[in-house]
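J.: whatever this is, show me its structure:
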Amino acid sequence: MSTAAETREQPGGPAPVKEPFVYRSMLPLFIALVSCFLAWGIAADMTAPLVAAFKRIFEMSTFQASLVQFAYYGAYFLLALPAAFINQRFGYKAGILTGLGLASLGAFAFFPASKIMTYIVFLGALFILAAGLSILETSANPFVISMGPESNATRRLNFAQAFNPVGTNLGVFLAAALILPKLHAPVDRASLAPDQLRAIQATELRAVMVPYIGLALLLLVIWVTILLQKAPEIREEFPTDVAETSR
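T.: Here you go, the predicted model:
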């Protein structure tokens with residue numbers, strides 16, 4: 001009679017060990033990082049309608065309103081190299097936390113901006129938000145790759161990135177449901193009394209602020225979650241030993 005051990009040593013050999021999609025100890029962190037992909041998708045597509053919104057609220061030219069896009073994508077351009085430096089010098093977790101912190105600060109800044117009611121303050125808030133998202137995106141991609149075996153790294157990254165278009169659809173929905181319907185119908189604002197005009201602008205700017213405050217809270221929750229996780233200090237794209245990556 002053959003033993004269980006002998007059965008495993010049949011010509012077929014032992015069954016191959018299935019590699020994990022994500023290292024088990026990193027699963028909560030992986031879920032938090034997937035949420036980051038969702039969050040910056042939301043932010044990107046909530047920004048586009050702001051061009052039309054600010055053009056109407058502040059009665060400015062299309063060029064002046066398009067500075068929204070310049071502030072957003074200009075931050076991505078300017079922060080790419082600093083993000084790489086943070087990752088190289090302090091590690092990916094520090095980069096992710098820095099990006100989340102800046103992005104949540106920028107989103108929260110929409111609240112005082114809506115009270116000050118000055119266009120340049122909104123541009124500053126948007127620049128800070130985009131700067132944080134730029135650092136976050138630069139840090140999150142290689143971090144996701146490094147959270148499991150090298151053999152399925154591409155599949156793991158594709159899975160995380162699949163949540164980005166989900167976020168963009170949510171961003172479009174939020175803009176369509178929470179911002180654009182709250183804008184008043186076009187009127188000759190020059191004919192309005194200053195108090196009437198200011199009251200209309202305040203209502204419209206509050207509509208702009210609300211979804212960004214919600215985004216700020218989401219980013220803050222993700223920030224706290226990642227901060228509390230014992231994340232690996234990854235210096236290489238693929239750690240050769242899981243034990244070497246843990247603190």
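J.: what is the neighbour count of residue 134?
T.: Neighbourhood size, residue 134 [other Cβ atoms under 10 Å]: 25. For glycine as for every other residue, the C-beta is placed from the backbone atoms N, C-alpha and C.
J.: got the phi/psi numbers for it?
T.: Main-chain torsions, residue 134, degrees, to the nearest 10: phi -60, psi -50.
J.: ok, it - contacts?
T.: With contacts defined as Cβ atoms under 8 Å, 6 or more residues apart in numbering, the neighbours of residue 134 are 75-76, 78-80, 83, 99.
J.: of those, which belong to helices?
T.: Those of the contacts of residue 134 mapping onto helices are 75-76, 78-80, 83, 99, per DSSP state H.
J.: among these, who's most crowded?
T.: Comparing the ones in helices among the contacts of residue 134 by number of neighbours (other Cβ under 10 Å), residue 99 comes first, having 27 neighbours.
J.: quick check: that residue vs residue 91, distance?
T.: Per Cβ to Cβ, to the nearest Å, residue 99 is found 13 Å from residue 91.
J.: reformat the ones in helices among the contacts of residue 134 as a markdown table; add distance to residue 32 and pLDDT.
T.: Output for the ones in helices among the contacts of residue 134, formatted as a markdown table (distance: Cβ to Cβ, whole Å; pLDDT from 0 to 100):
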| residue | distance to residue 32 | pLDDT |
| --- | --- | --- |
| 75 | 23 | 91 |
| 76 | 22 | 87 |
| 78 | 26 | 91 |
| 79 | 21 | 89 |
| 80 | 23 | 84 |
| 83 | 18 | 89 |
| 99 | 13 | 95 |
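J.: okay, now the unreliable bits of the protein?
T.: The chain contains residues with pLDDT under 70 at 1-17, 184-190, 231-247.
J.: let me see the ranges of the helices in it.
T.: Here the chain has its helices, by DSSP H, at 4-8, 27-47, 49-57, 62-65, 67-90, 92-108, 110-116, 119-145, 153-161, 163-174, 194-228, 242-245.
J.: got the end-to-end distance for stretch 138-154?
T.: End-to-end distance for stretch 138-154, by Cα to Cα, to the nearest Å: 16 Å.
J.: can you give the contact residues for stretch 156-176?
T.: Residues outside stretch 156-176 that contact it (Cβ under 8 Å, 6+ apart): 21-22, 30, 33-35, 37-49, 140-141, 144-145, 147-148, 211, 214.
J.: give the buried residues for that stretch.
T.: 156-157, 159-160, 163-164, 167-168, 170-172, 174-175 (16 or more other Cβ atoms under 10 Å).
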